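Colleague: mind looking at a prediction? Sequence and model below.
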Amino acid sequence: MIGLFDRIARPLLRVLAPEDAHALTLHALKFAPKRSFADDARLGLRVFGLNFKNPIGIAAGFDKNAEVPDALLALGFGFVEVGTVTPLPQAGNPRPRVFRLNADEGVINRLGFNSAGATAVLARLAARARAGGIVGVNIGANRDSNDRAGDYVRLIETLAPVASYVTVNISSPNTPGLRDLQQASALDDLLARIVARRDRVVPHAGPTPVLLKIAPDLSLNDLDDVVGIARTRHVDGMIVGNTTITRPAGLRDQVTAKQAGGLSGRPLFALATRMLAETYVRVEGAFPLIGVGGIDSGDAALAKIRAGADLVQLYSGLVYRGLGLLAEIKAVLLRALEREGVERFGELVGMDAAAVTAEEWPN
Ligand SMILES: Cc1cc2nc3c(=O)[nH]c(=O)nc-3n(C[C@H](O)[C@H](O)[C@H](O)COP(=O)(O)O)c2cc1C
């Protein structure tokens, strides 16, 4: 069924402008069957106190407004991260603002947090609250807000009751100045306030894990600070990472590469995996990591786990590989368990982290 849909839909979607293709995909998913599925039990794992059927999630940005989380779970994702959600609705940047680098299997976007706003997302998630499955909510500040830290604090209070976890996104390159929140003093204040507010709402919202999503463009000195603060403020995990504003050497589509925005997909893999390993060695097991950036095969997903990820997420790979990618990743992960003679992925997490950090810096 998925294979058929993929074969028919993908060539059609490719001829549309990326954002129109995306809108059509979301629309189709609204009518997709929402039967739950069973995964091989060996793919299951417990992370952040949550039980995942499998370690493969769909990254933030695909379902920004929580329109199709249950359809995505039914397709076989172990978890769905909706958002980024901003407090007030906002339109984002003018179109066109998403570009495919077909020859590189990359994507550049400068959407700029187009969001239906917290009230709309809250209503949708509340309506499916009893459906189960792991649905995280990624939160961000409004572009015109004069109290960005306050936006995050209000969002965690509003959305924690309907979120399996909340991701603090301070790493989008498309809201001017947002990434400055990764600077040490701003980040320390922000995380202190967010975690305190989360703690205050535990009695009615439950113990919602708070994750921090970082940019792959941080310097290693900045990463030292960010991980140190994340540890002292007791965040529950980190996501490494968002899109990059760099343009790796060797991109074939040099014309599209000049578009402003964040690059994702295959050209991001080496940098994002390096930053994941660098994060893993600094976290020293204090909390789990989600690895994201450029996963386009089962081997790429396995490399993320070996570099330090307990869970992985993908987005751009689906554009080029289709939904068959999900089944391929599951098959490769199961084969890896057999090959390595281990029962759980936990035993593979971070195996290669030290080796990855010793490699030459990817360019
Ligand atoms: C079109 C598009 C929109 C995105 N929107 C968001 C977003 O709203 N919030 C966020 O945290 N990340 C967003 N991302 C980043 C992804 O979640 C992910 O971190 C990044 O694309 C790297 O993964 P990939 O190479 O598998 O795509 C977006 C990515 C793309 C391609």
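Modeller: That came through fine.

Colleague: pretty sure Ala257 contacts Pro248?
Modeller: No: Ala257 is beyond contact range of Pro248, at 9.2 Å (criterion: Cβ atoms under 8 Å). For glycine as for every other residue, the C-beta is placed from the backbone atoms N, C-alpha and C.

Colleague: what do these two both touch?
Modeller: Both Ala257 and Pro248 are in contact with Leu263, where contact means Cβ atoms under 8 Å, 6 or more residues apart in numbering.

Colleague: count the residues that sit near the residue of the stretch 51-200 of the chain found nearest the ligand.
Modeller: Scanning the stretch 51-200 of the chain for proximity to the ligand using Cβ to the nearest ligand atom identifies Gly61 as nearest, at 2.2 Å. Residues within reach of Gly61, counting by other Cβ atoms under 10 Å, total 26.

Colleague: likewise for Asp217?
Modeller: 19.

Colleague: from the ligand, how far out is it?
Modeller: 12 Å (Cβ to the nearest ligand atom, to the nearest Å).

Colleague: isn't that residue right up against Thr244?
Modeller: Yes: with contact defined as Cβ under 8 Å, Asp217 and Thr244 form a contacting pair (5.5 Å).

Colleague: which neighbours do those two share?
Modeller: Taking Cβ under 8 Å, 6+ apart as the criterion, Asp217 and Thr244 both touch Pro173.

Colleague: before we move on, which element is the residue nearest to Gly298 when sequence neighbours are not counted in?
Modeller: Excluding the flanking residues, the one nearest Gly298 by Cβ to Cβ, 6 or more residues apart in numbering is Val332, at 2.5 Å. In the assignment (DSSP states H and E), Val332 maps to helix 324-340.

Colleague: contacting residues around that helix?
Modeller: 2-3, 6, 39-40, 42-43, 54-56, 75-77, 295-299, 301-302, 305, 312, 314, 317-318, 321, 343-345, 347-348.

Colleague: what mean pLDDT does the top helix by length along the chain have?
Modeller: When the chain is parsed with DSSP state H, its longest helix is helix 184-205. Mean per-residue pLDDT for helix 184-205: 93.

Colleague: buried set for it?
Modeller: Buried residues in helix 184-205, defined by neighbour count with 16 or more other Cβ atoms under 10 Å: 187-188, 190-191, 193-195, 197-198, 201, 205.

Colleague: reformat the residues you listed as a markdown table; add distance to Glu67.
Modeller: Converted to a markdown table, those look like this (distance: Cβ to Cβ, whole Å):
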| residue | distance to Glu67 |
| --- | --- |
| Leu187 | 31 |
| Asp188 | 35 |
| Leu190 | 28 |
| Leu191 | 30 |
| Arg193 | 30 |
| Ile194 | 26 |
| Val195 | 29 |
| Arg197 | 27 |
| Arg198 | 25 |
| Val201 | 25 |
| Ala205 | 23 |
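
Colleague: tell me the pLDDT of the residue nearest the centre of the chain.
Modeller: Nearest to the mean C-alpha position of the chain, counting by Cα atoms, centre = their mean, stands Ala59 at 3.3 Å. For Ala59, the pLDDT comes out at 97.

Colleague: between the two ends of stretch 261-277, how far is it?
Modeller: 25 Å (Cα to Cα, to the nearest Å).

Colleague: which residues in the stretch 201-350 of the chain form helices?
Modeller: 220-232, 269-283, 298-307, 316-321, 324-340 (DSSP state H, counting those that start in this stretch).

Colleague: buried set for the last one?
Modeller: When burial is assessed from 16+ other Cβ under 10 Å, helix 324-340 yields the following buried residues: 325-326, 328-330, 333-334, 336-337.

Colleague: same thing with the second one?
Modeller: When neighbours are counted by 16+ other Cβ under 10 Å, the buried residues of helix 269-283 are found to be 269-280, 282-283.

Colleague: and the ligand, is stretch 134-144 touching that?
Modeller: Yes: judged by Cβ under 6 Å from any ligand atom, stretch 134-144 and the ligand are in contact via Asn138.

Colleague: equivalent analysis for stretch 145-161, please.
Modeller: No: contact of stretch 145-161 with the ligand (Cβ under 6 Å from any ligand atom) is absent, the minimum separation being 13.0 Å.

Colleague: contact partners of that stretch?
Modeller: Counting by Cβ under 8 Å, 6+ apart, 85-87, 118, 121-122, 125-126, 137, 139-142, 166, 168, 178, 181, 186, 189-190, 193-194, 197-198, 200-201, 204-206, 208, 210 sit against stretch 145-161.
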